[in-house]
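>>> Predicted coordinates and the sequence they were generated for:
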Amino acid sequence: MADEALSRQMDELEALAAMYSGDGESFAIEESHAGETACTLSLRLLGVVASLHITLPRLYPTSVPPRLAVSIPALRDHSSLTAALDQIAAEGVAADREVLFEVCQAFQERATEFASDHAAATHVAVPEAAGETAGQTRCVCFVWFHHIKNLNKRKHIVSWARDAALRGFSKPGFPGVVAVEGEAGACAEYLARLRALRWQVMEVRLRAELADDAPKLCAPFTELPEAGMGDAAALCESAHLLAEFRAAVLKLPSKPVEDSGVS
């Protein structure tokens, strides 16, 4: 059984090392003194450093859950986060399945939420994404996702937009769509916060300035049904953005429309 557990551990760790190899993240694998395998997920999120140290007992994942230790220097009390991760790990191992991806994903989501709240509370500027410049002009952005299913991510999409006084909508499911409109700097910060979450695919397919007198997207920012692509198109049509929505999001030939206010 120990040989089977070790083989499953190695396969899981190799996959996670490849997955967490982007900017601001790393997944280091090491050997502990007791012969157990240890690894550390390190993340830099909106200026906050967060680490999750994982020790794999010899019989993980066949019968024994991993031991977890959270380190977020800016967060004084890690107990509730650690307890939540421990529960995920215990439930997974009880079902005889690898749980490190679930644990790491939950850790990243909670750490990202904390980092965003911390940045807002301490007035830390959020870095803008490449190619996006902040300003006082109005802009509209259409963002395409392979899918939007996770309930926490769906909550953040709506609440972060409303906190920033941005208008628009999200359409969860397969594919996912976010349309956001407002002050350009606020839009750039919002997109940076979304990128800090882990997505299979997130593409900003349109970013365009709007004339001051151009029609606006719906307010407050709202979530549509998963089958609401038609509703999304109707909202864009009301804002004279249907042609842009068809071309950027649906990849359909755009139909001529009267002045959309997009420049």
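All right, it came through fine. Residues are numbered from 1 along each chain as shown.
>>> per-domain residue ranges of this structure.
2-122, 138-248 (automatic domain parsing).
>>> Dump these into TSV; add mean neighbour count and mean pLDDT as well.
Placement of C-beta: from N, CA and C, glycine included. Converted to TSV, the domains of the chain look like this (neighbours: other Cβ atoms under 10 Å; pLDDT from 0 to 100):
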stretch	mean neighbour count	mean pLDDT
domain 2-122	16	85
domain 138-248	19	91
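>>> Which residue ranges of the stretch 151-263 of the chain form strands?
167-171, 176-183, 202-210, 222-223 (DSSP state E, counting those that start in this stretch).
>>> Any chance of CSV for those, columns distance to residue 57?
Below are the strands of the stretch 151-263 of the chain laid out as CSV (distance: least, Cβ to Cβ, whole Å):
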stretch, distance to residue 57
strand 167-171, 41
strand 176-183, 38
strand 202-210, 36
strand 222-223, 41
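>>> Touching stretch 100-112 from outside, list them.
12-13, 15-16, 19-20, 41, 43, 45-46, 48, 50, 52, 54, 66, 68, 70, 72, 81, 84-85, 88-89, 92, 150, 152-153, 193, 196-198 (Cβ atoms under 8 Å, 6 or more residues apart in numbering).
>>> at 7 Å instead, please
12, 16, 41, 43, 45, 50, 52, 54, 66, 68, 72, 81, 84-85, 88-89, 92, 152, 196-198 (Cβ atoms under 7 Å, 6 or more residues apart in numbering).
>>> Format the CA atom coordinates belonging to that stretch as PDB.
Provided in PDB are the C-alpha atoms of stretch 100-112 (Å, rounded to 0.1, in the frame of the first residue of the first chain):
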ATOM      1  CA  LEU A 100      -4.000  18.600  -3.000                       C
ATOM      2  CA  PHE A 101      -5.500  20.400  -5.900                       C
ATOM      3  CA  GLU A 102      -8.800  21.000  -4.000                       C
ATOM      4  CA  VAL A 103      -6.800  22.200  -1.000                       C
ATOM      5  CA  CYS A 104      -4.500  24.500  -3.000                       C
ATOM      6  CA  GLN A 105      -7.400  25.900  -5.000                       C
ATOM      7  CA  ALA A 106      -9.400  26.700  -1.800                       C
ATOM      8  CA  PHE A 107      -6.200  28.200  -0.200                       C
ATOM      9  CA  GLN A 108      -5.700  30.400  -3.200                       C
ATOM     10  CA  GLU A 109      -9.300  31.600  -3.300                       C
ATOM     11  CA  ARG A 110      -9.300  32.500   0.400                       C
ATOM     12  CA  ALA A 111      -5.900  34.100   0.200                       C
ATOM     13  CA  THR A 112      -7.000  36.200  -2.800                       C
END
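>>> Going forward, the N-terminal residue is numbered 14.
Got it, the first residue is 14 from now on, which makes the last one we talked about stretch 113-125.
>>> roughly how far apart are the closest residue to residue 127 other than its chain neighbours and residue 33?
Take residue 127 and drop its neighbours on the chain: the residue closest to it by Cβ to Cβ, 6 or more residues apart in numbering is residue 88, 5.8 Å away. Using Cβ to Cβ, to the nearest Å, residue 88 is found at 20 Å from residue 33.
>>> Any idea which of the strands of the stretch 164-276 of the chain gets closest to residue 110?
strand 189-196 (26.1 Å; Cβ to Cβ).
>>> Measure how far the closest one is from the centre of its chain, please.
15 Å (Cα atoms, centre = their mean, to the nearest Å).
>>> who does it pair up with?
strand 151-158 (antiparallel), strand 180-184 (antiparallel) (DSSP bridges).
>>> Would you map the helices across the protein?
In the chain, the helices defined using DSSP state H lie at 15-32, 92-107, 113-135, 164-176, 197-208, 242-251, 255-261.
>>> Just want the angle from the third one to helix 15-32.
What it means is helix 113-135. 40 degrees (axes from the mean of the first three to the mean of the last three Cα atoms, to 10 degrees).
>>> chain center to helix 113-135: distance?
That offset, for helix 113-135, works out to 10 Å (Cα atoms, centre = their mean).
>>> same thing with the shortest one?
Helix 255-261 sits 24 Å away from the centroid of its parent chain (Cα atoms, centre = their mean).
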